[in-house]
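Quick check, what structure comes out for this input:
(chains A, B, C and D)
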Protein chains: 4
Amino acid sequence: MLNIGSFELSSRLMLGTGKYENSQVQKEAVEASATEVLTFAVRRMSIEEGSTDAFEGIDLSRYKLLPNTAGAKNAAEAVRTAKLAQATGLCDMVKVEVIGCEKTLLPDPVETLKASEELLAEGFTVLTYTSDDVVLARKLQEAGCHAVMPAASPIGSGLGIINPYNLRKIIEQAEVPIIVDAGLGSPKDATEAMEFGADGILLNSAVAKAGRPVQMAEAMKLAVQAGRAGYEAGRIPKAELASPSSPVEGVSPSK
Amino acid sequence: MLNIGSFELSSRLMLGTGKYENSQVQKEAVEASATEVLTFAVRRMSIEEGSTDAFEGIDLSRYKLLPNTAGAKNAAEAVRTAKLAQATGLCDMVKVEVIGCEKTLLPDPVETLKASEELLAEGFTVLTYTSDDVVLARKLQEAGCHAVMPAASPIGSGLGIINPYNLRKIIEQAEVPIIVDAGLGSPKDATEAMEFGADGILLNSAVAKAGRPVQMAEAMKLAVQAGRAGYEAGRIPKAELASPSSPVEGVSPSK
Amino acid sequence: MLNIGSFELSSRLMLGTGKYENSQVQKEAVEASATEVLTFAVRRMSIEEGSTDAFEGIDLSRYKLLPNTAGAKNAAEAVRTAKLAQATGLCDMVKVEVIGCEKTLLPDPVETLKASEELLAEGFTVLTYTSDDVVLARKLQEAGCHAVMPAASPIGSGLGIINPYNLRKIIEQAEVPIIVDAGLGSPKDATEAMEFGADGILLNSAVAKAGRPVQMAEAMKLAVQAGRAGYEAGRIPKAELASPSSPVEGVSPSK
Amino acid sequence: MLNIGSFELSSRLMLGTGKYENSQVQKEAVEASATEVLTFAVRRMSIEEGSTDAFEGIDLSRYKLLPNTAGAKNAAEAVRTAKLAQATGLCDMVKVEVIGCEKTLLPDPVETLKASEELLAEGFTVLTYTSDDVVLARKLQEAGCHAVMPAASPIGSGLGIINPYNLRKIIEQAEVPIIVDAGLGSPKDATEAMEFGADGILLNSAVAKAGRPVQMAEAMKLAVQAGRAGYEAGRIPKAELASPSSPVEGVSPSK
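The predicted model follows:
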């Protein structure tokens, strides 16, 4: 069971909406994933009018909704976007996202922290997208974020976890849920993140832009379960056989 | 469906026996894995007498049995061991394994090929354990092996796939099933192998020596399914966002 | 030629002092490295009294001195330490270092930026140690830092460049010198950093704690020259020979 | 000093000929590299007539000549090619190369071993190109090869050392010189190979096809020296700082 703020979730997979070929594929992928949390960009929806066209065919009562502040370039814009989302009623939690680099879509650490602090002060349930900077992840936790969402790699890149060291350090020192976000490209990436001890993952392009999105959604569901079960079961240590007494990196994460 | 020789298999996970804490754990792990193929070392069993103590509690009629020739140091020993296994009746297929290095337990390419050729000539269904040498894998295929089983890394090391390049080349040129064998340590490794397009994997230590073997067997079952589904669904390409038209690595930086 | 602030440097290798077995080894290593910039921790010296014991035997007139603010946990402490260094006269430039995590010695992004801004406002020549966060590196550049010093990996870890992707992005968007700092462990790491297009590197433990520090200092000198020459010469592209038209990694395997 | 057969070499860098834009660039690159061993493909030269056009401008008396059997697809062809080279007088040593895969240019392990054995029986000084298969490398050594030349990655790929594990195992168990051959793309790759304890490297495309071949030859010379010095000096161990008691892979190779 994954607890974020006041929410209890059985699934550890959060799914983005809005990049699918059509709403039918989106609907089926959402179902195949067994997710309980749907994310969406406030900016990209006609959400101001409270329209739910973007979720066509999906029974929203079955999901927690996690609008994100994509498009915000500083704390003020992020806060404003979060409030817009709240006003529509389509907001159980909010994902703070403040982009600091147009090319890589990597986040601005200073503005990200500031936006999170302001929204926390206003009572939001805040999940914050961040780089894999170890110290910033802890500062976000100390600021009171309900979850911290480090990027595996740049948004949409499919590069997977490019810095396993940092991700493991972030998880080691975490006291709030760590949801690995951005850059995961395949089920292997999902399994790997969960094996490191992540509490969950968030996917969008990896499912929506896959060759067969619905089958990929199912694959990702299984991958998350596999990684979590593997984490709990405790993997064997890595060992160089020629020097059996010394493990090589990556010893069992649990136990 | 995975076809090896005349056998049709629904599960793509083969499981080793004999390293578990006790036979009860082994039995439960075998069940949790949903495997259809059990492997065992002929040498380590009192198999000469046809004893099935090593499989205590397991209904052998439900499984294909894959004895291996572990312990053989040359082709002659491997052939002899295979025939012993056949004589006991506990042999649906045989896994050729000729160790060439006591330290790393890596196989001897020359003797491995020779043993495979001899057993094929005698009508065995032969699955051959090999290093990840690309050319040797193809020579084994050309010799008529029913499946080729490249090592991800040394037996029992848990290092996972140490040479993804070679493994992908082996899979690209394969016309018989490729079963990734040896060295897989965690569900992530299993998912990765399947995503590359492997037809199946064989596990032993990664399950038997895990903290909780039964839960790990379940995790591995899911991981194989996730990787296979991901392979079939077609992952998104990897891309450097800042220069989307170019390969991820290594272009000349200057000029 | 490497230009930092008003300084022109022929060598692209900066060397730390203070971790050597004795001052004679330190002196010889400094000479073998052919460095022109020596760094030292203000905190660890009896620098308040202007003592130069720590540099025993070294002719300081031949070097630029780069005191660092190691030990500072926030911007105020870093600023204070920098001013102490300045007061002693042993300060050509200053390296801002604000640790945010006692375990990994990784820097605090927010305080690091703040300290840099304050010291820049006071006219210091500022080189700032930072994580490999891409956006923060750019913010430091925009703040006016004379050089940005991203960590390859945690201080003293010897892990080398753990996130080549981020380091290359930082270098791509740099308009001030990028000096790779912290975590480099061997000549290979130095060569790699320079090949990526770094303007220089800073080493301490990798030389001072090597088996033979003086020989390692010589090795590092050569490694920096090799990497720089390789960068300028333009390496061949990486290519998968079997499918030369496509990127090395990760294209959708099916369809 | 590197000893191969009866030859004593000061340089640990061997250089291929024949892929340069023109003979002037080749000549200058050869000089900049400070190599003492030049390799060439017997097949690609009009060597049958004893022509040395391919070495235009190079004073061959200053170099050891290492013809290779590139183009051979089995042992018989390799042996024949080696004898051709010998007949011309342009042959101090011979590099056995038997390609087993046209796409990847990876070697055929069985035919490679056979060709080596035959040429050794005829009194040649034999250096054998092989994959990074650990056991085959040892079998070549046991057969009497004067040096073993494992591929870092496929010829011309520039992928560098794709399986550091295997390369280190090959070096660990070596009693004859290990010359890393094929696939090295940049100075970093050269430094890395030497740090692992390789006795030398052989380069061709990485220099001949670089943006500026002469400067790259100089870079590679420095890189080899840097890597060797680093190996001898003994690098610091890699360590995860959060768990200081256990090194992470890659401890000092020397001492």
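
Now do the SS call for the nearest residue to residue A:144 once chain neighbours are set aside.
By the measure of C-beta to C-beta, 6 or more residues apart in numbering or on different chains, the closest residue to residue A:144 outside its immediate chain neighbours is residue A:120, 4.7 Å from it. For the C-beta atoms, the positions are set from N, CA and C on the backbone; glycine is no exception. The assignment at residue A:120 comes out as helix when based on DSSP: H, G, I helix; E, B strand; the rest coil.

unless I'm mixing things up, residue A:120 is touching residue A:142, no?
No - using C-beta atoms under 8 Å, residue A:120 is not in contact with residue A:142, being 11.1 Å away.

related to what we said a few turns ago, what's the pLDDT at the residue nearest to residue A:144?
In the prediction, the pLDDT value recorded for residue A:120 is 97.

ok, it to chain D distance?
Per C-beta to the nearest C-beta, to the nearest Å, residue A:120 is found 28 Å from chain D.

what residues are up against that residue?
By C-beta atoms under 8 Å, 6 or more residues apart in numbering or on different chains, the contact set of residue A:120 is A:126, A:143-145.

For those, which ChimeraX command selects only the ones that are buried?
Buried subset of the contacts of residue A:120, written as a ChimeraX selection, criterion 16 or more other C-beta atoms under 10 Å in any protein chain shown:
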select /A:126,143,145
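
Which one of the contacts of residue A:120 is nearest to chain C?
Nearest to chain C out of those is residue A:143 (C-beta to the nearest C-beta; 10.8 Å).

Can you give me every residue that contacts the closest one?
A:113, A:116-117, A:120.

Of the residues you listed, grab the buried ones for PyMOL.
For the buried members of the contacts of residue A:143, the matching PyMOL selection, counting by 16+ other C-beta under 10 Å, is:
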select buried, chain A and resi 113+116+117+120
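
Just the ones of the contacts of residue A:143 in helices?
Among the contacts of residue A:143, the ones falling in helices (DSSP state H) are A:113, A:116-117, A:120.

Format those as TSV; extra columns: distance to residue A:170.
Below are the ones in helices among the contacts of residue A:143 laid out as TSV (distance: C-beta to C-beta, whole Å):
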residue	distance to residue A:170
A:113	15
A:116	15
A:117	19
A:120	19
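
List just the nearest of the residues you listed to residue A:22.
Each of those was scored against residue A:22 by C-beta to C-beta, and residue A:116 proved nearest at 34.5 Å.

dump the residue contacts of that closest one.
Listed by C-beta under 8 Å, 6+ apart, the contact set of residue A:116 reads A:96, A:126, A:128, A:140, A:143, A:145.

now with 10 Å?
For residue A:116, the contacting residues are A:75, A:78-79, A:94, A:96, A:98, A:124, A:126-130, A:139-140, A:143-146, A:148, by C-beta atoms under 10 Å, 6 or more residues apart in numbering or on different chains.

Now do it, the pLDDT please.
97.

anything in the longest helix anywhere in chain A near chain D?
Using DSSP H, we find that the single longest helix of chain A is helix A:213-233. No - taking C-beta under 10 Å from any C-beta of the partner chain as the criterion, helix A:213-233 and chain D are apart, separated by no less than 17.9 Å.

quick one: low-confidence parts of the stretch 151-255 of chain A?
Applying pLDDT under 70 to the stretch 151-255 of chain A flags residues A:241-255.

how about a cut-off of 90?
Low-confidence segments of the stretch 151-255 of chain A (pLDDT under 90): A:156, A:239-255.

if we can go back for a sec, PyMOL command to pick out the buried ones of the contacts of residue A:116?
Buried residues among the contacts of residue A:116 (16+ other C-beta under 10 Å), as a PyMOL selection:
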select buried, chain A and resi 75+78+79+94+96+98+124+126+127+128+129+130+139+140+143+145+146+148
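
out of the contacts of residue A:116, which are inside strands?
Using DSSP state E, A:94, A:96, A:126-130, A:148 are the members of the contacts of residue A:116 that sit in strands.

residue boundaries of the helices in the stretch 51-200 of chain A?
Ranges of helices within the stretch 51-200 of chain A are A:75-88, A:109-121, A:134-143, A:164-172, A:187-195, based on DSSP state H, counting those that start in this stretch.

Kindly reformat those helices as a markdown table containing distance to residue A:157.
Shown next, in a markdown table, are these (distance: least, C-beta to C-beta, whole Å):
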| stretch | distance to residue A:157 |
| --- | --- |
| helix A:75-88 | 22 |
| helix A:109-121 | 19 |
| helix A:134-143 | 20 |
| helix A:164-172 | 15 |
| helix A:187-195 | 11 |
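
and these, which is most packed in?
helix A:187-195 (a mean of 31; mean count of other C-beta atoms under 10 Å in any protein chain shown).

okay, the angle between that one and helix A:164-172?
Angle, helix A:187-195 to helix A:164-172, by axes from the mean of the first three to the mean of the last three C-alpha atoms, to 10 degrees: 40 degrees.

Paired strands for the next helix or strand along the chain from helix A:187-195, with orientation please.
Tracing the chain past helix A:187-195, the next element assigned as helix or strand by DSSP states H and E is strand A:200-203. Paired neighbours of strand A:200-203 in the sheet (DSSP bridges): strand A:13-16 (parallel), strand A:179-181 (parallel).

how far does strand A:200-203 sit from the chain's center?
In terms of C-alpha atoms, centre = their mean, to the nearest Å, the centre of strand A:200-203 is found 4 Å from the chain centre.

Same question for stretch A:22-42.
Relative to the centre of its chain, stretch A:22-42 is centred 14 Å away, using C-alpha atoms, centre = their mean.

what do you get for stretch A:187-199?
Using C-alpha atoms, centre = their mean, the mean C-alpha position of stretch A:187-199 is found 12 Å from that of the whole chain.

Determine the number of other residues adjacent to the single nearest residue of the stretch 1-150 of chain A relative to chain B.
Closest to chain B within the stretch 1-150 of chain A is residue A:103: 4.3 Å, counting by C-beta to the nearest C-beta. Residue A:103: 15 surrounding residues under other C-beta atoms under 10 Å in any protein chain shown.

wait, it sits on residue C:172?
Yes - here residue A:103 reaches residue C:172: they are 8.6 Å apart, a contact under C-beta atoms under 10 Å.
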